[in-house]
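Asker: give me a model of this one.
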Amino acid sequence: MKKFSIFILSSLAIVVMGCTTEQTEPDQLTSENLFKVYEAKVDNALTREGENCLEVELIAGQNHIAGLVTAETIDGLLKITYSAGPDWTIGATHLSLGECEQIPTTGSGNPKIGHFEHSSEHSEGVNEVVYEFPIEYLLEDFCFAAHAEVTGPTGGETAWASGTEFDGNSWAMFVEALLNGCTSGGGDDDEPVVK
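Answerer: Have a look, this model is predicted:
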């Protein structure tokens with residue numbers, strides 16, 4: 001019995017010593033865990049001060065302007081902001097960011113919103129959502145597809161940042177952008193602009 005107990009203890013010690021905690025190295029980071037998202041309830045979200053170099057309309061239900069989607073670079077981060085207009089709120093957002101051909105699509109060319117790198121549900125009454133992503137992981141030419149579930153005077157709608165339509169048979173859109181080149185309005189040369 002003594003030999004058996006020593007054998008079990010020895011085996012257990014080998015197993016415990018063989019287990020290590022695996023740390024994620026920077027090159028093992030996925031784009032999903034590089035995203036940070038913030039939400040807010042802001043008075044007059046569309047009239048906030050400041051100038052963004054990339055600004056497109058957030059189109060709800062194909063026919064309504066529900067707000068704006070803007071992009072700017074601050075302290076090495078690309079910040080993409082969904083700002084709802086008056087009487088609109090944002091219930092959920094979905095964002096795909098990177099090379100244009102990397103935005104998840106179906107075989108027929110429609111976006112796979114459920115496969116976007118980041119999705120987030122938001123608290124009731126939220127009218128501003130900000131995504132942050134390190135610009136060091138972006139190419140000069142990049143694309144993003146910014147989708148939202150919004151509620152406004154017309155009820156619940158799906159919304160897209162205005163841009164180029166996908167090849168499929170939906171009205172979904174993506175924005176083609178350049179990381180550098182914004183020189184109007186006193187912005188830095190490394191602010192994003194619509195391509």
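
Asker: going by C-alpha atoms from here, please, whenever you check contacts or count neighbours.
Answerer: Fine.

Asker: OK, contacts around Glu149?
Answerer: When the contact criterion is Cα atoms under 8 Å, 6 or more residues apart in numbering, the partners of Glu149 are Ile90, Gly91, Ala92, Thr93, Gly156, Glu157, Thr158, Ala159.

Asker: next one: Ser119
Answerer: Applying Cα under 8 Å, 6+ apart to Ser119 gives the contacts Ala92, Thr93, His94, Leu95.

Asker: the third one: how many residues sit nearby?
Answerer: So that's His94. A total of 19 residues lie near His94 under the criterion other Cα atoms under 10 Å.

Asker: pretty sure it sits in a strand.
Answerer: Yes. Assessed with DSSP: H, G, I helix; E, B strand; the rest coil, His94 lies in a strand.

Asker: closest to Asp75 among the contacts of Glu149?
Answerer: Nearest to Asp75 among the contacts of Glu149: Thr93, at 23.7 Å, using Cα to Cα.

Asker: neighbours of the closest one, just the number please.
Answerer: By other Cα under 10 Å, neighbour count at Thr93 equals 24.

Asker: same question, Glu176
Answerer: Applying other Cα under 10 Å, we find 18 residues neighbouring Glu176.

Asker: per-residue pLDDT, it?
Answerer: Glu176 is assigned a predicted lDDT (pLDDT) of 91.

Asker: that one against Leu139, yeah?
Answerer: No. The pair Glu176 / Leu139 is not scored as a contact, 11.8 Å apart, by Cα atoms under 8 Å.

Asker: what's near enough to touch Asp167?
Answerer: Asp167 sits in contact with Ser108, Gly109, Asn110, where contact means Cα under 8 Å, 6+ apart.

Asker: Pro104 and Gly155: what is the separation?
Answerer: As defined by Cα to Cα, to the nearest Å, Pro104 lies at a distance of 28 Å from Gly155.

Asker: same drill for the two, tell me which one is more crowded.
Answerer: When Pro104 and Gly155 are compared on other Cα under 10 Å, the one with more neighbours turns out to be Pro104, at 18 against 9.

Asker: alright, I will stop here.
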